[in-house]
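Colleague: give the three-dimensional model of this entry:
(one chain, ligands or ions: 2)
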Amino acid sequence: MCPYEAIKRDPETGKVEIDLQKCQVCGICYSACPVSAVEIVYYDYATLVNYVKKMREERKSDTLVLMCRGNSPSTREIEHILKNQGLSVKNYIPLRLPCSGRVPTDFLLKTLKLGIKSIVSIQCEDAFCRFKEGTKISTRRFILTKNVLDQLGLDKNSVRVIKHSRKAVYDTEKCVGCDKCVFICPYKAIEPEPFATPKILNEECMGCGACALVCPYDAIQVEGFEFENVLKLYTESARKLKAEGKFPVILVFCCQWAEFSVLDNPESLLLKKAVVLEVPCFKSLDPGHVINALHNGFDGVMAAVCSNEDCKLQEGGETAERNMTVLKNALKKIDLLERFELYRISPRCTDDFNQKLEEFSRRIAALPRLEVEAKPNV
Ligand code: SF4
Ligand code: SF4
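Modeller: Ligands and ions are numbered 1, 2, ... in the order given. Prediction:
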């Protein structure tokens with residue numbers, strides 16, 4: 001069942017072992033094991049159940065919305081996605097996970113027992129699933145749950161699946177038809193059109209953002225990661241933390257699959273005077289954001305990135321390295337190089353992210369404070 005062939009049975013001893021170098025921490029084995037023989041560090045059954053109990057109490061809601069991280073950059077997108085599907089849900093319990101394939105059927109049934117009346121799972125389209133089989137497994141699990149509910153005489157429509165994936169979108173008013181985006185797309189998802197804006201093949205687009213980075217006119221962006229929105233998010237955060245007298249204030253750009261817990265609970269970092277923003281892949285991060293963040297009051301910027309072997313997108317690692325060279329040269333020229341660092345991290349090592357953040361914060365704390373500069377953003 002493991003999509004990464006990380007689980008093997010020793011032919012001599014019969015013992016089942018997990019190869020941690022191959023494991024991508026998708027959690028599919030954990031959610032599928034009928035005798036709960038696999039333990040998992042993130043999002044285990046008890047943690048998920050306790051979260052739903054707590055949130056049900058706090059929000060007085062009986063609707064649970066599960067979503068894959070890959071299709072929803074943040075909880076603010078949920079209402080929009082639900083509305084597009086004709087669902088008007090204002091008060092709900094959001095549960096954001098790296099992959100919906102890691103949710104066991106027992107958990108779905110338990111939440112219904114706890115008083116949840118409706119479960120909506122917003123999951124990535126099959127071909128978009130970053131964990132290869134996660135969406136397919138999750139879909140089968142929801143069909144199973146519906147059948148169980150039906151056989152028990154309960155409402156099978158209380159569980160519902162919506163498939164949604166982030167895609168690149170054009171601003172045709174800005175596009176000059178230069179076709180740079182056509183050549184950069186590693187998925188051949190953009191077709192040139194004679195003397196016009198190219199065409200995005202939605203079924204091929206993986207939302208990697210490589211096209212957005214090369215467009216000289218900001219005419220193509222990935223939904224939810226638009227340049228101006230990202231800029232606004234960190235600019236506001238920096239000013240607020242600075243106004244509170246915090247130092248050193250750190251911005252972390254983090255690949256969506258390089259870290260698990262912190263990305264689903266970004267407020268936990270505020271105590272550490274850090275703000276985390278996730279990116280679909282580090283290759284799509286505009287180096288201009290790092291410079292803008294330092295000009296807007298952050299004392300340091302850290303990138304938390306998957307290793308090349310763990311990258312879930314084509315050419316992600318290699319492109320990120322090329323972009324890094326450009327960025328480091330630019331930072332050197334403006335004397336800000338020591339305020340940036342890129343770390344390779346993985347959710348396999350549970351405390352990797354926090355350790356790197358502490359290491360980086362100590363280094364930045366030894367430097368003078370950076371004030372907000374009245375410079376135009378790049
Ligand atoms: S790179 Fe930008 S301007 Fe050029 S064709 Fe693509 S979207 Fe249009
Ligand atoms: S987001 Fe990535 S996959 Fe989609 S069109 Fe742009 S480069 Fe291609």
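Colleague: which stretches of the stretch 1-150 of the chain form helices?
Modeller: Applying DSSP state H, counting those that start in this stretch to the stretch 1-150 of the chain gives helices spanning 28-32, 45-59, 78-84, 105-113, 134-151.
Colleague: would you convert the ones you listed into TSV that also reports mean pLDDT?
Modeller: Shown next, in TSV, are those (pLDDT from 0 to 100):
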stretch	mean pLDDT
helix 28-32	88
helix 45-59	95
helix 78-84	82
helix 105-113	94
helix 134-151	92
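Colleague: so which of those helices gets nearest ligand 1?
Modeller: Nearest of these to ligand 1, taken as C-beta to the nearest ligand atom: helix 78-84 at 23.3 Å. For glycine as for every other residue, the C-beta is placed from the backbone atoms N, C-alpha and C.
Colleague: show me what counts as buried in the closest one.
Modeller: When neighbours are counted by 16 or more other C-beta atoms under 10 Å, the buried residues of helix 78-84 are found to be Ile78, Ile81, Leu82.
Colleague: which residue sits closest to the first one, ignoring its sequence neighbours?
Modeller: Read it as Ile78. Leaving aside its sequence neighbours, Ile78 sits nearest to Val65 (C-beta to C-beta, 6 or more residues apart in numbering; 5.7 Å).
Colleague: so how far is ligand 2 from that neighbour?
Modeller: Going from Val65 to ligand 2 by C-beta to the nearest ligand atom, to the nearest Å gives 25 Å.
Colleague: is that residue in contact with Leu97, as I believe?
Modeller: No - if you go by C-beta atoms under 8 Å, Val65 and Leu97 don't touch, sitting 11.2 Å apart.
Colleague: so if I had to pick from the two, which one is more boxed in?
Modeller: Comparing Val65 with Leu97 by other C-beta atoms under 10 Å, the one with more neighbours is Val65, at 25 against 22.
Colleague: for the chain, give me the ranges with low pLDDT.
Modeller: Residue ranges of the chain with pLDDT under 70: 72-76, 270-271, 316-317, 373-377.
Colleague: domains in it, by residue range?
Modeller: 7-163, 168-222, 227-365 (automatic domain parsing).
Colleague: most packed of those?
Modeller: domain 227-365 (a mean of 19; mean count of other C-beta atoms under 10 Å).
Colleague: start and end of that domain, how far apart?
Modeller: End-to-end distance for domain 227-365: 29 Å, by C-alpha to C-alpha, to the nearest Å.
Colleague: check whether that domain comes near ligand 2.
Modeller: No - Domain 227-365 lies apart from ligand 2 when judged by C-beta under 6 Å from any ligand atom; the minimum separation is 7.5 Å.
Colleague: Leu263 belongs to a helix, doesn't it?
Modeller: Yes - when DSSP: H, G, I helix; E, B strand; the rest coil is applied, Leu263 is found to be in a helix.
Colleague: contacts only, for it.
Modeller: By C-beta atoms under 8 Å, 6 or more residues apart in numbering, the contact list for Leu263 reads Arg69, Cys254, Gln256, Val276, Glu278.
Colleague: so Leu152 versus Leu112, what's the distance?
Modeller: Distance of Leu152 to Leu112, given as C-beta to C-beta, to the nearest Å: 10 Å.
Colleague: quick check, the residue in the stretch 1-150 of the chain closest to ligand 2?
Modeller: Proximity of the stretch 1-150 of the chain to ligand 2 (C-beta to the nearest ligand atom) peaks at Phe128, 9.9 Å away.
Colleague: one step back: among the helices of the stretch 1-150 of the chain, which is nearest Pro192?
Modeller: Of all these, it is helix 78-84 that lies closest to Pro192, at 29.1 Å by C-beta to C-beta.
Colleague: before we move on, what SS does Ile162 have?
Modeller: Using three-state DSSP, the structure places Ile162 in strand.
Colleague: return the set of residues that bridge with it.
Modeller: Ile122 (DSSP bridges).
Colleague: kindly report the same for Cys68.
Modeller: Here Cys68 sits in beta bridges with Leu97, as judged by DSSP bridges.
Colleague: would you agree it is in contact with Gln123?
Modeller: Yes - using C-beta under 8 Å, Cys68 is in contact with Gln123, at 5.0 Å.
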